[in-house]
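Enquirer: Coordinates for the following, if possible.
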Amino acid sequence: MADIEAASTDVNLWVQQFSDSLASGNIVNVCEMFAEHGAWRDVLALTWTIKTFENRGGIAAMLESTLRSTLPHDFAVEAEPGACEGWLLFKTQQGSCKGYVRLDGSGKALTVFTALQDLEEHQTKTGKQRPTGLYDDLDEGTWLDRKQAEQNSLGTDSQPYVLIVGGGQGGLALGARLKVQGVPTLIVDRHAKSGDEWRSRYNSLTLHDPVWYDHMPYVPFPDNWPIYTPKDKLGDFLEAYAMIMELNIWNSTEFVSAAHDENSGEWDVIVERDGKAIHLHPAHVVMAVGNAGFPRKPNFTGKDIFQGDQVHSSEYTSGEGRQGQQVVVIGANNSAHDICADLVENGAKPVMIQRSSTLVLKGETNSKMARALYSEEAVEQGLTTERADFLNASLPLRMAEHAQKEAWAQIAISDAEFYQKLADAGFQLDFGEDGTGLFMKYLRTASGYYIDVGASEMVADGRIGLRSQVEIEQLTENGVLLSDGEELPADMIVFATGFGSMEEWVKRLISLSVAEKIGPCWGYGSGAAGDPGPWEGELRNMWKPTAQDGLWFHGGNLQQSRFYSHYLALQLKARYENVEFAVYDSN
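Expert: From the prediction side, this is the model:
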């Protein structure tokens, strides 16, 4: 084998040495092939969880624990000769895997990303594995007979192996993955139809991310789909998606409670449907209720004497009929901006109360930042959504922080005129606590930002009134009294004050003890406000085993739902089929 010290910057040669060292069990050699601060991010391939190892010691400990049971082998590289980064394919005892490697100038690995793609003995029935659809290929009866029998029996005569709580894009994406995997799954959702969660939001809402970032698994948006999807259009698509993917959904169903039986390994779940309490006994419960908890509606003094309307942003639908009215919107993030813009368009006079600084990113700049991976240009260059997602996931969070900090330093320069206009209007701006920008702020707290799709210009020119560096003293009969003594008249108050944390759902629907057992969800331990340490390097409790057997969390934006639903489904499929594996535990 070639001398590790004389390693080439050709990733093809690096992977050959890597493969040889793993095959011989030479963990010391493997670790020496990484830069001193190189990192290995693994998604199920070796660890059967989602974990990043940021130094040679961590990599060595992981390999000592996992190498014998996974036996990675059959490595192949997809890279031009002499390239310092590239794709790799390999297999383990459990299945087929994919990876991506980046080398530094010395020929050492800066980053390695590995991820399980399919189970060896239970391959996904897609592509070449897809069923014929012919009558003789069906188990019994016609396709329609089988579909109706499954829908009629699941939850009554037979139990779902997986119960997904929430039928938004996250629940539907995971439901589709599990359907394709052949895992009996039931989705319960309180809305009457799939997509109603989006339909119920304020009328002016559109997605703030471009269409190339937002595709659903298996069924991408058509080529004529708008770049920014209107919320009702998305709602219709999700309803059609559920039908196309033949998902088993109980709509108009409330998840009431759940308790885990440690002896049987099953949950006793109570749902209410058609006025009846129904007991379900799944092996796994997935909370797919978004990446937030319940609406935060501040308990301001005077709320009982205010004569106008008071609504949380989640209850706001439209400014129609409010022409000429004074509306105070408390908050200055995405929803607050969207609602204020909608009020302006309907002839109302909104005033935004900004109590803390906000990160703002121009929609155009946001699209430019995503262009390398998610854009028409990327598609034309042959970069599939799957590959874009993989590249997006291949950079560990600590390195992503550095990259984002550099990017935002450039944004501050290139969009300086835009930011100056907002500052001149009195708007408090930030680029994140440490200058790392929107993406890291989203991963830390999922709050505190606005992707501008038009409202910033309204703030700058005064169509949206602004009061910043003030607090709410109290509500009065006819308005809002601020801490500087000003009283703003108001016919309506909108509380765009965000939502609580995801674990609130566990406290309410399962128990306080289980919520305390699993700990916080979301955030990665950056130490920034709202995301306390210690450092995790991965989102807490998301898409991976939690401290409570059989309890999982699935959420995030459409891209995260699309990408991570694949890996959560693989974990559930492996358990359903009794595949032998061991989840890596560094403790």
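Enquirer: Please enumerate the strands of the stretch 1-150 of the chain.
Expert: 34-43, 50-53, 73-78, 85-91, 95-103, 109-119 (DSSP state E, counting those that start in this stretch).
Enquirer: and of the ones you listed, who's closest to Val271?
Expert: When the strands of the stretch 1-150 of the chain are ranked by proximity to Val271, the top entry is strand 50-53, at 29.3 Å, counting by CB to CB. Yep, even glycine has a C-beta here, placed from its N, CA and C like the rest.
Enquirer: So what touches the closest one?
Expert: For strand 50-53, contacts defined as CB atoms under 8 Å, 6 or more residues apart in numbering pick out 39-44, 59, 61-62, 396-398, 537-538, 542-544, 567, 584, 586.
Enquirer: buried subset of these?
Expert: Neighbour counting by 16 or more other CB atoms under 10 Å classes 39-44, 59, 62, 396-397, 537-538, 542-544, 567, 584 among the contacts of strand 50-53 as buried.
Enquirer: Okay, and which of the contacts of strand 50-53 map to helices?
Expert: Ile59, Ala61, Met62, Leu397, Arg398, Tyr567 (DSSP state H).
Enquirer: ok, these vs Thr156, which is closest?
Expert: Closest to Thr156, out of all of those and judged by CB to CB, is Tyr567, at 30.7 Å.
Enquirer: hang on, isn't the closest one packed against Asp42?
Expert: No. Using CB atoms under 8 Å as the test, Tyr567 is too far from Asp42 to be in contact (10.8 Å).
Enquirer: list the residues that contact both of the two?
Expert: Ile50, Ala115.
Enquirer: what residues are up against Val506?
Expert: Met287, Val514, Ala515, Ile518, Leu551.
Enquirer: Buried among those residues? Need that as a selection in ChimeraX.
Expert: To isolate the buried members of the contacts of Val506 in ChimeraX, using 16+ other CB under 10 Å:
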select :287,514,515,518,551
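Enquirer: okay, the contacts of Val506 in JSON lines with pLDDT next?
Expert: Shown next, in JSON lines, are the contacts of Val506 (pLDDT from 0 to 100):
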{"residue": "Met287", "pLDDT": "96"}
{"residue": "Val514", "pLDDT": "95"}
{"residue": "Ala515", "pLDDT": "94"}
{"residue": "Ile518", "pLDDT": "95"}
{"residue": "Leu551", "pLDDT": "98"}
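Enquirer: Sitting in strands, which of the contacts of Val506 do you find?
Expert: Among these, the ones falling in strands (DSSP state E) are Met287, Leu551.
Enquirer: would you list the contacts of Val506 in a markdown table and tack on distance to Gly25?
Expert: Listed next are the contacts of Val506 as a markdown table, based on distance: CB to CB, whole Å:
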| residue | distance to Gly25 |
| --- | --- |
| Met287 | 40 |
| Val514 | 40 |
| Ala515 | 42 |
| Ile518 | 35 |
| Leu551 | 36 |
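Enquirer: okay but Gly168 is in contact with Gly290, surely?
Expert: Yes. Counting by CB under 8 Å, Gly168 does reach Gly290; the two are 6.6 Å apart.
Enquirer: pLDDT averaged over stretch 168-184 - what is it?
Expert: Averaging pLDDT along stretch 168-184 gives 97.
Enquirer: meant to ask about stretch 94-108, not that
Expert: 96.
Enquirer: Buried residues of it, list them for me.
Expert: 94-104, 107-108.
Enquirer: how about the CA coordinates for that stretch, as PDB?
Expert: Taking C-alpha atoms only, stretch 94-108 is exported to PDB below (Å, rounded to 0.1, in the frame of the first residue of the first chain):
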ATOM      1  CA  GLN A  94     -26.500  -4.000   5.800                       C
ATOM      2  CA  GLY A  95     -26.800  -2.300   2.400                       C
ATOM      3  CA  SER A  96     -25.500   0.000  -0.400                       C
ATOM      4  CA  CYS A  97     -24.000   3.400   0.500                       C
ATOM      5  CA  LYS A  98     -22.900   6.600  -1.100                       C
ATOM      6  CA  GLY A  99     -20.400   9.100  -0.100                       C
ATOM      7  CA  TYR A 100     -18.500  12.300  -0.900                       C
ATOM      8  CA  VAL A 101     -14.900  13.200  -0.200                       C
ATOM      9  CA  ARG A 102     -13.000  16.500  -0.200                       C
ATOM     10  CA  LEU A 103      -9.200  16.600   0.100                       C
ATOM     11  CA  ASP A 104      -7.100  19.500   1.300                       C
ATOM     12  CA  GLY A 105      -3.900  20.700  -0.400                       C
ATOM     13  CA  SER A 106      -1.800  18.100   1.400                       C
ATOM     14  CA  GLY A 107      -3.900  15.100   0.200                       C
ATOM     15  CA  LYS A 108      -5.600  14.600   3.600                       C
END
